[in-house]
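In: give the three-dimensional model of this entry:
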Amino acid sequence: MKKYFGTQQSTEIFFIIYLIAPMEKDSETFIQIKVAITLRGLLKRIKSPNSSIENKIDLVNSYQKIATNANFNLRKATVTAAFSGKTKSAMTTIITIVISMGYTMKEFGEEYDKISDKQVFDFMSREL
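Out: Next up is the predicted model:
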């Protein structure tokens with residue numbers, strides 16, 4: 001451990017051991033981050049040039065378009081907050097966002113289940 005003292009690697013080790021590792025996998029923060037990663041992944045899939053969506057003109061590929069496409073009054077700030085992982089989002093908000101992007105909750109759930117602990121920890125160290 002001495003050889004890592006004062007390096008970026010020592011900072012990452014400290015961050016993982018003392019700040020991230022104690023986090024429960026079912027804690028609100030952990031779940032918020034997994035939801036944010038999942039939403040970002042679904043949006044990235046839409047934006048992909050290999051997307052199988054036929055009508056690219058009506059493509060819901062931005063936070064504003066997601067909010068506008070929602071069936072009820074959903075603000076862009078609410079959508080942005082859900083994608084950030086920094087605030088709790090109501091389940092109705094998550095469902096509305098998923099449906100607005102043209103996905104089903106089954107597809108959301110499948111993507112959510114693929115998120116690894118490492119992805120959550122990486123997101124935390126980068127974004128939060």
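
In: contacts only, for the residue nearest the centre of the chain.
Out: Centroid-nearest residue in the chain, with Cα atoms, centre = their mean: Ala36, separated by 1.7 Å. Ala36 is in contact with 82-85, 123, counting by Cβ atoms under 8 Å, 6 or more residues apart in numbering. For the C-beta atoms, the positions are set from N, CA and C on the backbone; glycine is no exception.

In: so which of those residues is the most crowded?
Out: Sorting these by how many neighbours each has (other Cβ atoms under 10 Å) puts Ala82 first, at 26 neighbours.

In: correct me if wrong: it contacts Val35.
Out: Yes. At 7.0 Å, Ala82 counts as touching Val35 under the criterion of Cβ atoms under 8 Å.

In: hey, what's in contact with both of those two?
Out: Joint contacts of Ala82 and Val35 (Cβ under 8 Å, 6+ apart) are 89, 94.

In: and Leu59, how far is that from Lys47?
Out: 8 Å (Cβ to Cβ, to the nearest Å).

In: quick one, strands of the chain?
Out: Per DSSP state E, the chain carries no strands over any range.

In: and the pLDDT at the closest residue to Ile46 other than its chain neighbours?
Out: In this structure, Ile46 finds its nearest non-sequential neighbour in Asn61, 5.3 Å apart by Cβ to Cβ, 6 or more residues apart in numbering. Asn61 is assigned 81 on the pLDDT scale.

In: residue contacts, Asn61?
Out: Per Cβ under 8 Å, 6+ apart, neighbours of Asn61: 43, 46-47.
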